[in-house]
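Engineer: What follows is a predicted protein model with its sequence.
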Amino acid sequence: MAKIRTRFAPSPTGFMHVGNLRTALFAYLAAKSQQGTFVLRIEDTDRERLVEGAEQVIYQTLKTVGLTHDEGPDIGGAYAPYVQSERKDSYLPYAEQLVKEGKAYYCFCSKERLDSLHDEHGLGGYDRHCRDLPQEEVQKLLEAGMPYVIRQKMPVEGSTSFDDAVFGHITIENKEIEDQILLKADGYPTYNFANVIDDHLMDINCVIRGSEYLTSTPKYSRLYEAFGWEVPQYLHLPLIMGKNEDGSVSKLSKRHGSTSFAGLQAEGYLAEAITNYIALLGWSPKGNQEIFSLAELVENFSVDGISKSPATFDYDKLTWMNGEYIKNMDNESFLKHAMPYYQEIFGTETKDGDVLQSILQKRITKFSEIPAILSFFKTLPDYSAEFFINKKSKTNLENSPAMIEEAIAVLENLPNWELNTIHDSLIALAEKLVVKNGTLLWPVRIAAAGTLVTPGGAMEILLLLGKEESLNRLKLALTKF
């Protein structure tokens, strides 16, 4: 069998959707798990839907998640060019070849006539009006410069079958297949036609795409057969669904949450976690492992693990997975990802990164949670004196003022503002006052943070606030009583 060659062929019409990224990932895994070739091709023949900058988004997304292509527009290859608009002149000869062989025909129907074939819901197929026009009439219309498209002649009886690596043997009745347009009036090929021509010319022998293309696959197969070319292996991926508020599911869309890679990143999800999670949408590895690096995905990937059943995008599961990645980060990586959020709270002022990491790393599931968790550092909340009451630590409105005053006296005289110094002085103070540590530290923490729930304890909060701000807040707390 020939060495596997897969391709990812996106259209630069917007952001990289979760479904697009999964297609790219599975094409990459299918190739790399078999020491094959992964090709990137840009399909920009739909000129009306092109979005400026979208092509760069494709390159950047693939680079960010680590899907390195072996051939493509930016690096070249033996089958260049890899942008369809740059291959425009290669499609007309193939379309005209099919016309000469009686397998395709010129269609001169106007947009108005085609629209009239649709019902009130916009449904209705082409009626093959130009399929059997006399050759003399066709020639006259061409000579008169009448606009035309080229359509493929599809069989009107019988059925078309193909085999899919996931869904098995599929048969579609030919009466369901329209005479598809191959070449549009502007000279550009249609998506279906360009796909087949380019896949053949680039020796793509495994075509991976979403299962929404299952019903149109007979059109592809009929084109391969019309040219006498070998049909590639098809591999269709299950649909990605989203959970609705009522518990039902429907095809994933913006109403379910962010559906683009950029959108998920903006929410604080890591590229590695997104890639890992998307790999599990419709694919089940052998064993119970859920956390995979890209290299581990390549090593463990097999087509027989792909399911026919739709996969549901679970944001809670992605969030959990993201948290697992954060928990396992080294110090340098954690600081790199956290720094932009630290700066939202502390500005450019340098804070103890190790202390921040120690109070955050096991707590957060997304880096974007950091500003909310640390917001009390930026602005002291307007809190109630009732916060000082805690039965477990035996603090109340009577003893809390005394604890805070004692702490102020000790903290004001500290020779340096370091974590160990703050810790040792407060623990010594509690021992001197003959109270439990919590009896002293609870009111100090509440006074410093102004909130019941905090990341880290009193010592870490005091350190990060700095001496001046800490003492100001402790003194302000005394006015609450």
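Structural biologist: Received it, and whenever you're ready, just let me know what you need. Residues are numbered from 1 along each chain as shown.

Engineer: Look at the nearest residue to Lys103 once chain neighbours are set aside and tell me its secondary structure.
Structural biologist: Of all residues beyond its chain neighbours, the one nearest Lys103 is Ala226 (4.7 Å), with distances taken as Cβ to Cβ, 6 or more residues apart in numbering. Yep, even glycine has a C-beta here, placed from its N, CA and C like the rest. In three-state terms, and counting by DSSP: H, G, I helix; E, B strand; the rest coil, Ala226 is helix.

Engineer: Measure how buried Ala226 is and give me the count.
Structural biologist: For Ala226, the count of nearby residues is 19 (other Cβ atoms under 10 Å).

Engineer: gap between it and Ser161?
Structural biologist: Going from Ala226 to Ser161 by Cβ to Cβ, to the nearest Å gives 16 Å.

Engineer: residue contacts, the residue nearest to Lys103?
Structural biologist: Contact analysis of Ala226 by Cβ atoms under 8 Å, 6 or more residues apart in numbering lists 98, 101, 103-104, 152.

Engineer: 10 Å instead, please
Structural biologist: 94, 97-98, 101, 103-104, 152-154, 182, 196 (Cβ atoms under 10 Å, 6 or more residues apart in numbering).

Engineer: which residue packs closest to Phe38, ignoring adjacent ones?
Structural biologist: In space, Phe38 is closest to Ala31, 4.3 Å off (Cβ to Cβ, 6+ apart).

Engineer: okay but that neighbour is in contact with Arg5, surely?
Structural biologist: Yes - taking contacts as Cβ atoms under 10 Å, Ala31 lies within contact range of Arg5: 7.1 Å.

Engineer: Give me the common contacts of these two.
Structural biologist: Common contacts of Ala31 and Arg5 (Cβ under 10 Å, 6+ apart): 37-39, 70, 206.

Engineer: which of the residues you listed lies closest to Tyr269?
Structural biologist: Phe38 (24.0 Å; Cβ to Cβ).

Engineer: Distance-wise, check that closest one relative to Leu142.
Structural biologist: For Phe38, the distance to Leu142 - Cβ to Cβ - is 42 Å.

Engineer: Quick check: the residue nearest to Lys103 vs Phe193, distance?
Structural biologist: Relative to Phe193, Ala226 is positioned 11 Å away (Cβ to Cβ).

Engineer: same check, this time on Ala80
Structural biologist: Ala80 is 20 Å from Phe193, by Cβ to Cβ.

Engineer: In terms of neighbours, single out the busier of these two.
Structural biologist: Phe193 (26 against 14).

Engineer: which parts of stretch 328-348 are buried?
Structural biologist: Using 16 or more other Cβ atoms under 10 Å as the test for burial, stretch 328-348 gives 329, 334, 337-338, 341-342, 345.

Engineer: since we're on Gly19, how many residues are nearby?
Structural biologist: The burial count for Gly19: 20, using other Cβ under 10 Å.

Engineer: Check whether it really touches Leu252, as I assumed.
Structural biologist: Yes - counting by Cβ under 10 Å, Leu252 is a contact partner of Gly19 at 7.2 Å.

Engineer: Cys130: what's it in contact with?
Structural biologist: The contact partners of Cys130, taken as Cβ under 10 Å, 6+ apart, are 105-109, 137-138, 141, 148-149, 151, 179.

Engineer: hey, where'd the strands end up in the stretch 251-400 of the chain?
Structural biologist: 311-313 (DSSP state E, counting those that start in this stretch).

Engineer: For it, just list every one of the helices.
Structural biologist: 261-266, 271-279, 294-300, 315-327, 331-346, 353-360, 370-373, 375-378, 400-412 (DSSP state H, counting those that start in this stretch).

Engineer: tell me the most buried of these?
Structural biologist: Sort the helices of the stretch 251-400 of the chain by mean neighbour count, taking mean count of other Cβ atoms under 10 Å, and helix 271-279 sits at the top with a mean of 22.

Engineer: From the contact counts, what lies against that one?
Structural biologist: If contacts are counted by 3 or more Cβ pairs under 10 Å, 6 or more residues apart in numbering; DSSP states H and E, helix 271-279 sits against helix 18-32, helix 54-65, helix 261-266, helix 294-300, strand 311-313, helix 315-327.

Engineer: can you put these in TSV and add distance to Gly187 and mean pLDDT?
Structural biologist: What follows is the helices and strands packed on helix 271-279, written out as TSV (distance: least, Cβ to Cβ, whole Å; pLDDT from 0 to 100):
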stretch	distance to Gly187	mean pLDDT
helix 18-32	27	97
helix 54-65	21	96
helix 261-266	33	93
helix 294-300	40	97
strand 311-313	39	95
helix 315-327	43	97
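
Engineer: Thank you kindly, that will do.
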